[in-house]
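1. dropping a prediction and its sequence here:
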Amino acid sequence: PAVGPIQSTLWPFTPRVGLAICRQLGEEASRVAETIPVKYFNHVQTLSSAMNSKQLRVAYVTSHFTSSSIGREMLFLIGAHSLDRISPYCYALNSDEGTWLQHTWRGAIQNACATFKDISAFDDRKAAETINGDEIHILVVFNRCFLADANGALTFVTQVDLNGWSGGHRVNMISTTPAPVQVNYKNWVASSGIPALHFVVGDKYVSPPEYQSDYTEAMVMFPNTYFISGHQFQYLLDNPIQKASEAGSKDRSRAEMRQKFGLPADPFLIANFNNLDKLEPRLWDMWIRLLEQLPHTGLWLQKYPPAKANRVREMAKEEGRMNVQRLVLTDFFKSDDHIAIKALSDVFVDNPTYNAHSTAMDTLWGGLPFVTLPEEKMAARVGASLLMALNVTQTIARDMSDMFHITHQMASCRHCNEGLRAVMKKNKFSEPLFDTIRAVDNFEVSLRLMWEAATIRQDRYDADDDDSSRFHQLVSLDVAARERPVRDQASEDRLVAKLRSLRVDTSQAEKLNQR
């Protein structure tokens, strides 16, 4: 197709259009996979080997064993696994880049795994046979939603190749089905359309059951939110910058801290730290209208990618609807400090068509109010999923007009804004959103559910039946209906201590000028 999967998600197409595009490419990948001369994969034997086993061999395959947002999430997901139930394997589709930061993050993930293999130089046949040879029970395809080049510009993929939909996950190799159960988890914020991916992980907000027809995969429904992060262990937020942004801090302290980082001291700052390729006309128009009605308001965006940032400034000048002095464009900040610095703004107003994902998690962990609008696509519902799990629902808009009014009210009532910050600070530690251990427990239950579904279906089909369509008619699985593992306090304390020890100190990277 002339329009690729990334454009279909990033641009205002319906989920059905995106599904049609991905399904066509997925079927093409399946045809290519049939020409790859892999040895016979005996999934029946693999299924039988774990029938009476309490431990599942779960493999994570990704091109992001790095310091990327995906890599940072994976470190704590893998580290929180209960090793008596899950044996985590990792297959790297990317080589070690060699920089201190990337090497350190990769090493931290490698140390958390039972087995780590670099298959980046393998062809599809060797990579698939390596995974299958380890008798993996469940293969989790875990990737970014799009690839950015060195300058931050998005790389659009319009055909099936070794880099797959999002630049790096090698759909042809996945389509050989090296494992009996294969899962789309953060691999693509929509249906992948790839027949060899049997399940997609979501929740009742980001992928409601009534939208099942928009997916080729069977749905696995997480309680709370499908997002798993290690923010509470990686980002400590115990510095003066964060304190200046919190509710109850003196206006003077916040103003001085803003000026330290080149930000205007006094205006109410509306922020958006997403990749500027997500910017859309209706959101830009809303920001301009807010600035027109609120004279003491500024707009803060990130220079990512730099070329797009220059174009945004030129566009503001050409339109003549705003004083460009009220537009603030900043570079990336230090890894350890960026969440706290961004929290010096007053509100993050999200992109409706393609929400903030990891950026939203950063925003909410920093205690910055976050306004989002859930629409139909999975990529457009992530912000609402996160806010529901934080139990902060008053900033979930019903439409663009409501989004405008929520933001306008926050800019007109700073006292209301401070109250919201106080609630967010409390809820970070009492609600499910940032509870890493709880989320990973839920994930382990969902993996067991998927495995049970596979073994039950294996009993109903002959070994020679086509494996690709086996799971597609499954009813969505509700993990909340199953009991989570119970630990005694000593075991819980040991796990918390382990996760704290995984934290990567990025200060050395800053000294080496690495991001």
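-> Sure thing, it's come through.
2. please identify the helix or strand for the residue nearest to C416 when sequence neighbours are not counted.
-> Excluding the flanking residues, the one nearest C416 by C-beta to C-beta, 6 or more residues apart in numbering is M410, at 6.5 Å. For every residue, glycine as well, the C-beta is placed using N, CA and C. In the assignment (DSSP states H and E), M410 maps to helix 400-412.
3. centre of the chain to that helix, how far?
-> The chain centre lies 26 Å from the centre of helix 400-412; the measure is C-alpha atoms, centre = their mean, to the nearest Å.
4. and it, average pLDDT?
-> Averaging pLDDT along helix 400-412 yields 97.
5. could you do stretch 324-339 as well?
-> On average, the pLDDT along stretch 324-339 is 89.
6. over to stretch 363-379?
-> Rounded mean pLDDT across stretch 363-379 is 97.
7. alpha carbons only: can I get that stretch in PDB?
-> C-alpha atoms of stretch 363-379 as PDB (Å, rounded to 0.1, in the frame of the first residue of the first chain):
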ATOM      1  CA  THR A 363       4.700  13.600  32.900                       C
ATOM      2  CA  LEU A 364       2.500  11.900  35.400                       C
ATOM      3  CA  TRP A 365       5.500  10.600  37.500                       C
ATOM      4  CA  GLY A 366       6.700  14.200  37.700                       C
ATOM      5  CA  GLY A 367       3.200  15.300  39.000                       C
ATOM      6  CA  LEU A 368       2.500  17.600  36.000                       C
ATOM      7  CA  PRO A 369      -1.300  17.800  35.200                       C
ATOM      8  CA  PHE A 370      -2.100  16.000  31.900                       C
ATOM      9  CA  VAL A 371      -5.000  16.700  29.600                       C
ATOM     10  CA  THR A 372      -5.900  14.100  27.100                       C
ATOM     11  CA  LEU A 373      -8.700  13.200  24.700                       C
ATOM     12  CA  PRO A 374      -9.400   9.500  24.000                       C
ATOM     13  CA  GLU A 375     -10.600   8.700  20.500                       C
ATOM     14  CA  GLU A 376     -11.100   5.500  18.600                       C
ATOM     15  CA  LYS A 377      -7.700   4.100  17.900                       C
ATOM     16  CA  MET A 378      -5.500   2.300  20.500                       C
ATOM     17  CA  ALA A 379      -2.800   5.000  20.000                       C
END
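8. burial count for T455?
-> Neighbours of T455 under the rule other C-beta atoms under 10 Å: 15.
9. okay, now the unreliable bits of this structure?
-> Applying pLDDT under 70 to the chain picks out residues 1, 44-53, 143-169, 457-484, 509-515.
10. pull up the pairing partners for whichever helix or strand S87 is part of, direction included.
-> Here S87, judged by DSSP H and E, is contained in strand 86-92. In the sheet, strand 86-92 lines up against strand 56-62 (parallel), strand 115-118 (parallel) (DSSP bridges).
11. need the ones you listed in JSON lines (columns: distance to T363 and mean neighbour count).
-> Converted to JSON lines, the strands paired with strand 86-92 look like this (distance: least, C-beta to C-beta, whole Å; neighbours: other C-beta atoms under 10 Å):
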{"stretch": "strand 56-62", "distance to T363": "24", "mean neighbour count": "24"}
{"stretch": "strand 115-118", "distance to T363": "31", "mean neighbour count": "17"}
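12. quick check: which of those strands is nearest to E217?
-> Counting by C-beta to C-beta, E217 lies closest to strand 56-62 out of those; the figure is 16.1 Å.
13. what angle separates whatever helix or strand comes next after that closest one from strand 56-62?
-> For strand 56-62, the following helix or strand on the C-terminal side (DSSP H and E) is helix 69-79. Put simply, helix 69-79 runs at 170 degrees to strand 56-62, going by axes from the mean of the first three to the mean of the last three C-alpha atoms, to 10 degrees.
14. helix/strand/coil for L299?
-> Secondary structure assignment for L299 (DSSP: H, G, I helix; E, B strand; the rest coil): strand.
15. and for it, the neighbour number?
-> Residues within reach of L299, counting by other C-beta under 10 Å, total 23.
16. my read: it touches R289, true?
-> No. Counting by C-beta atoms under 8 Å, R289 is not a contact partner of L299; they are 11.6 Å apart.
17. check which residues of the very next helix or strand once past the helix holding M410 are buried.
-> Using DSSP H and E, the helix or strand that follows helix 400-412 in sequence is helix 414-427. Going by neighbour count (16 or more other C-beta atoms under 10 Å), the buried part of helix 414-427 is N417, L420, R421, V423, M424, K425, N427.
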